[in-house]
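Chemist: what's the 3D shape of this:
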Amino acid sequence: MIKNRTIATVAALGGLTAAIALLACPPAAKADELADLRANQELLQQRLDQLSQAGPSTGPAAGPIGVGSFPRSFLIPGTDTSMRVGGQAVGSVLWYMKGAATGGALNGTGSFNETFTDGQGGTGNLPNIPLKPSSTNPVAAGAAGVAASRSSEWIMSGKQSQIFLDVRQPSPWGEIKAFVSFDFSASNTNTILNVNQGSVNGYIPRLREGYATFAGLLAGQTTGTFVDNDSSPTLLDFGGQTGSNFVARTPQVRYTYPLSNGWAAAVAAENPNPLVAGPFGTYYTDANQIPTSASCAALTSPAIAATTTGTGTIAGSATTTSNNITNSCLGNAAFFNVGQDLMPTFVGRLRVDQPWGHLQFGVATVGYTLNDGRFLTKQYLGYGGGISGHFFTWGKDSIGGGIAGGDGFGDQIGNGVGLATNFGGAIAGDAVNATDSRSKFSTSRAAYDASVLAKTITEYSARIYYEHWWTDQLRSDVDFSMNHNDVPALIQAGGRGAVNKELSLTHLNLIWSPVAFVDLGIEGAWGHRQVVSNTRGDAYTLQTSMKVRF
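Modeler: Here you go, the predicted model:
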């Protein structure tokens, strides 16, 4: 319709111009100019015929009115603003043959965990693989054994489906862009999706990205400046690799400056949220106590004396009296979170793109503050960097990967832990907590805070992949990735069984693309987890999916 109206408008304007010219010309000149006008009208008609036969433009080059300035976009009528509405619909079938992270039922040893519905990757199940039983801790061994025996699951999901809106407009300062995207992968374990399939699941939208750009300046939420997705393989596993350049998507302010010969430099200040290891495991600085949980009440209760039979059962009892204070009965890392964000994470990046592939160099600094609002205020600075890239080999094949490392580098490496502290554990003769968060002090809180220790953690990662195209429609990716956290012993015994020391992951898949916007694939994966206490766990998955992009 737009094209037909355009042709009619141009034809009408051409005829009107010819009529005005004839009326305005002197009589002596009309004969000669009439011939010229007829010739011009023939040229105009030829051009109209060409426009009527031309197909829609698929690239950024100028085309018929209505076609936008970038691929698959359109012009908003009456403006020079181009818009694209796109996304993908995905159906995934995932079989955990072994190693699915359990949910909160049966005291954390059973039930389906809604968080990890789309793969065991670095941001998925991998950091939470159930551990094998250990003879060094009979109670934990029994729980681990139960969890491991319940770690097989079948999961069908559409949570990877997403939609985005991309709007761009030219200006004297360059192209201005606004971008917003959503998916349905909010982590709802034990919160919203209990009785998940009672009638229909309750997946809720999740903001993936929302940012604006202007003259090299970007503000909003998008992939971190240290991230390099082009150095990662094509996987069905929505969790991706471990040890990758992180943070996946984070609020930030970034400025990018283009250099010559395909080079570009960028600097950014990003929202801080470093990962801390404590006596009860790892936690982010935005992890909070449950707001509506009830306070503990004074009670005399039986306590289990840990005696274990050959089958892992526990027997025995004793009586313990607890002092009453108005603390929540949580017994988890979030209750003892003293993390405070006093500075952004600063990131610098240098990248080059060439026909042979790309290389990226990145550095970052991460700040940590421990502040309990009483007598504890300590600050630490982490730093690190990485190199990543990909290279075309022959045909459409490619190889890529990267290495990264630092001291206190934290979440700039996927599954990296930045700081270790003993706050919350039994130090200076007192405990801030017990397993149910009831606290008492025989000395002063000042003495306790003075005994708190912390140390930045040395960490590193490595990853590699190879993508082979069997035909123009059939390809395979194989990869290996790992990350290591050199966690000090000061986090005490409780945290050593919960804080990850090393994670590794490998995938092998086969993906068929009968048309450019459709992927059908099958993928096998093996994940391995080792905690600071050297207890280990393994996971094996088989996954299929169908993806249609639009």
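Chemist: going by C-alpha atoms from here, please, whenever you check contacts or count neighbours.
Modeler: Noted.
Chemist: mind listing the helices for the chain?
Modeler: Taking DSSP state H, the helices of the chain run over residues 2-24, 27-53, 105-108, 138-149, 445-450, 492-496.
Chemist: now do the buried residues in the last one.
Modeler: To tie it back to what came earlier, the one meant is helix 492-496. Residues 492, 495-496 are the ones in helix 492-496 that count as buried (16 or more other CA atoms under 10 Å).
Chemist: now stretch 81-100
Modeler: Residues 81-84, 87-96, 98-100 are the ones in stretch 81-100 that count as buried (16+ other CA under 10 Å).
Chemist: just give me the lowest mean pLDDT stretch among the helices of the chain.
Modeler: Lowest mean pLDDT within these: helix 2-24, a mean of 42.
Chemist: Asn509 pairs with what?
Modeler: Note on Asn509: beta-bridge partners by DSSP bridges are Glu523.
Chemist: okay, now it: neighbour count?
Modeler: As a burial measure, Asn509 scores 22 neighbours (other CA atoms under 10 Å).
Chemist: tell me the contacts of it?
Modeler: Counting by CA atoms under 8 Å, 6 or more residues apart in numbering, Asn509 makes contact with 235-236, 476-478, 521-524.
Chemist: among these, the buried ones, what's the PyMOL command?
Modeler: The buried residues among the contacts of Asn509 can be selected in PyMOL (16+ other CA under 10 Å) with this line:
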select buried, resi 235+236+476+477+478+521+522+523+524
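Chemist: need the max-distance pair from the contacts of Asn509.
Modeler: Farthest-apart pair in those is Val478 and Gly521; separation 13.4 Å (CA to CA).
Chemist: out of the buried residues of helix 492-496, which comes closest to Ala268?
Modeler: Gly495 (33.3 Å).
Chemist: right, and the closest one touches Ala333 too?
Modeler: No. Contact criterion CA atoms under 8 Å: Gly495 and Ala333 do not qualify, at 9.3 Å.
Chemist: mutual contacts of the two, please.
Modeler: 278-282.
Chemist: so of these, which ones are in strands?
Modeler: Those of the shared contacts of Gly495 and Ala333 mapping onto strands are 278, 281-282, per DSSP state E.
Chemist: closest to Ile403 among the contacts of Asn509?
Modeler: Closest approach between the contacts of Asn509 and Ile403, by CA to CA: Val478, at 17.4 Å.
Chemist: which strand residues bridge the closest one?
Modeler: Per DSSP bridges, the residues bridged to Val478 are Tyr466, Leu508.
Chemist: tell me who's in contact with it.
Modeler: 233, 465-467, 506-509.
Chemist: one more time with 7 Å
Modeler: With contact set as CA atoms under 7 Å, 6 or more residues apart in numbering, Val478 has these partners: 465-467, 507-509.
Chemist: the strands in the stretch 301-450 of the chain, which residues?
Modeler: Along the stretch 301-450 of the chain, counting by DSSP state E, counting those that start in this stretch, strands occupy 307-308, 314-315, 318-322, 339-340, 345-354, 357-371, 377-392, 398-407, 419-421, 426-427, 430-431.
Chemist: and what of the stretch 101-250 of the chain?
Modeler: For the stretch 101-250 of the chain, strands defined by DSSP E, counting those that start in this stretch occupy the ranges 102-104, 110-112, 153-157, 162-169, 176-183, 206-214, 217-222, 250-258.
Chemist: what lines up beside the fourth one in the sheet?
Modeler: Taking DSSP bridges as the criterion, strand 162-169 pairs within the sheet with strand 82-98 (antiparallel), strand 176-183 (antiparallel).
Chemist: between those strands, which one is nearest to Ala450?
Modeler: strand 82-98 (44.8 Å).
Chemist: residues contacting the nearest residue to His507 once chain neighbours are set aside?
Modeler: Counting by CA to CA, 6 or more residues apart in numbering, Ala525 is the residue found nearest to His507 once chain neighbours are left out, at 4.4 Å. With contacts defined as CA under 7 Å, 6+ apart, Ala525 is in contact with 506-508, 540-542.
Chemist: please apply the same query to Gln241.
Modeler: Taking CA under 7 Å, 6+ apart, we find Gln241 in contact with 121-122, 481, 505.
Chemist: hang on, the earlier thing: of the ones in strands among the shared contacts of Gly495 and Ala333, which is the most crowded?
Modeler: Gly278 (28 neighbours).
Chemist: any idea how far that residue lies from Gly497?
Modeler: Gly278 sits 11 Å away from Gly497, going by CA to CA, to the nearest Å.
Chemist: cool, Ala215 as well?
Modeler: Separation of Ala215 from Gly497 (CA to CA): 49 Å.
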